[in-house]
Each structure stands twice: as structure tokens, then as C-alpha cells.
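No letters, just coordinates:
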């Protein structure tokens, strides 16, 4: 949308540990007419447009190949933004809702891949945190800073525990429902 020849854009900073809440937030803004253009480490760039025109989905895309993106394009799903191992897609709402994972087994595999990303990061923070705290208790001239960094690493590991636990619960519910469904 142009106002006096100028594109209306806004940049928002949001930090999410829950990818589903992040996706819901982006879709809420899209319903208001703010369409995602780019996402880089918690910075979201939106452009004003027609309210409700698009539906957005996000995905961990580690290991995805070119043919996967071509398949999505053939389904009229546009890759809007890709940064690191995360991507955002959109599809026009007029075409109906869309899911990237249409069955429980594929959703379970996806949740496992997210867990495989988060657990090493949490463990690395714990190891570095312990190392920093131990180093801080030595006669080091930077002891205070080292202890504080160690505590920060431990807090980061605790923050990582929250999405890991949520993902594990989601996975367990899907497995339970799948087991009941398959009988």
C-alpha cells in the first residue's frame, strides 16, 4: 500500500521461544493488514497491505533441498523469508488454510527435529555456564564477570527448557492420539 508514493512498513522486535505463538502473532498482524516481508533474529519487517490476504506458516528448514521449495511453489506457497534454519511461508487466504504437515507422523518427525536443535544449545549453555562459574571461583582477575556469564548461561539453558518441554508434550499428545487412532 502506498501513501503519498511511500510504502508503509514497520519493523517489530519480538522474541519467541514457541514457534506456534510466533506464527499466530504473524497471522494476527496479517489479519490487520501487516504482511511479513522479512524475519531476522527476532526482527520482523512488515508491509501494509490488504487485511487477511495471506496465511503464514513458519518452519525449521534444516536440511531442506531445492526440490522441497519447488514443491511448495507448485502448491502456491511462497517462501517469504529464510534466515538460518528457519523460514516463513505464505499462501493467499482465498485459497484456504494450509498446513506444512498434514498428518501426525510428519508432525512428530518435525517436532523431533526442533528438539534436536534446542537440546544441544541448552546443553552447551549448561557446560559453558559451569565452566564460567568454576573459572570465576578461581583467583582470576575477571572472576566477577566469569561468574555472571556462567549464571547467564544457566539462565539461557533454563529458557531453552521451556520450548523443549512444550515440544515434548505436543509430540507425546500426537503420539498418543496416533496410537488411539491406529488402535
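The structure has been received and is ready for your questions. Worth saying up front: this structure is predicted, and the values here are computed from it rather than measured.

what comes up buried for the longest helix anywhere in the chain?
Using DSSP state H, we find that the single longest helix of the chain is helix 143-182. For helix 143-182, the neighbour count (16 or more other Cβ atoms under 10 Å) marks 146-147, 149-150, 153-154, 156-157, 160, 163-164, 166-167, 170-171, 174 as buried. For the C-beta atoms, the positions are set from N, CA and C on the backbone; glycine is no exception.

doesn't residue 150 make contact with residue 131?
Yes. If you go by Cβ atoms under 8 Å, residue 131 and residue 150 touch, sitting 7.3 Å apart.

who touches both of the two?
Common neighbours of residue 131 and residue 150 are not found (criterion: Cβ atoms under 8 Å, 6 or more residues apart in numbering).

Let me see the mean pLDDT of stretch 85-99.
Averaged across stretch 85-99, the pLDDT comes to 91.

Other residues contacting that stretch?
Contacts of stretch 85-99 (Cβ under 8 Å, 6+ apart): 26, 30, 35-36, 39, 52-62, 64, 72, 75-82, 100, 117.

same thing with stretch 151-171?
17-19, 108, 111-112, 114-115, 118-119, 121-123, 125-126, 128-129, 132-133.

make it 6 Å
Outside of stretch 151-171, the residues within contact range by Cβ atoms under 6 Å, 6 or more residues apart in numbering are 17-18, 108, 111, 114-115, 118, 121-122, 125-126, 128-129.
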